[in-house]
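Asker: heads up, no residue letters with this:
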């Protein structure tokens, strides 16, 4: 896991998960009522009759209600309520939505209180994902 930033004063961290183990760590770090920021796609209904619905890429701020790690499908899903997002004209505030976290995509998590053991878990995840390169001849 790449750790981009840990801010103990503002109680948030930014990471980039790189493998399934990182998802496992994030499942244990993210709690109910945390605020998660990430990108997703959302189906947008047609404004006029006859137009098709479309999928748009959005950046959302989501208040976490639940988190699920599906090891066999390789997905980390965060369910919650939309607090804000961009582009604003496509966002339904207070609607429920799920973020499916993907590898190599930035994720920001704001907690009520970022604790020392949570920072230590991030550091363990970072060390575990560092692998030495090996050349076979």
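Answerer: Sure thing, it's come through. Treat the numbers as computed from the prediction; the structure is a model and nothing was measured.

Asker: Helix or strand next in line after the least confident helix or strand in the chain by mean pLDDT, which one?
Answerer: Each helix and strand of the chain was given a mean pLDDT (mean pLDDT, DSSP states H and E); the minimum falls on strand 35-44 at a mean of 88. Following strand 35-44 in sequence order, the next helix or strand is strand 54-70 (DSSP states H and E).

Asker: Strands of the chain, start to end?
Answerer: 2-7, 12-16, 35-44, 54-70, 75-86, 96-101, 107-110 (DSSP state E).

Asker: Output those strands as TSV; include the columns distance to residue 27.
Answerer: Every residue, glycine included, has its C-beta placed from N, CA and C. Formatted as TSV, the strands of the chain follow (distance: least, C-beta to C-beta, whole Å):
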stretch	distance to residue 27
strand 2-7	17
strand 12-16	13
strand 35-44	12
strand 54-70	4
strand 75-86	6
strand 96-101	10
strand 107-110	12
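
Asker: Select, out of the ones you listed, the one closest to residue 120.
Answerer: strand 2-7 (10.8 Å; C-beta to C-beta).

Asker: picking that back up, okay, the strands of the chain in a markdown table with mean neighbour count and distance to residue 117 next?
Answerer: Converted to a markdown table, the strands of the chain look like this (neighbours: other C-beta atoms under 10 Å; distance: least, C-beta to C-beta, whole Å):
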| stretch | mean neighbour count | distance to residue 117 |
| --- | --- | --- |
| strand 2-7 | 13 | 13 |
| strand 12-16 | 18 | 13 |
| strand 35-44 | 17 | 20 |
| strand 54-70 | 15 | 18 |
| strand 75-86 | 17 | 20 |
| strand 96-101 | 17 | 22 |
| strand 107-110 | 20 | 15 |
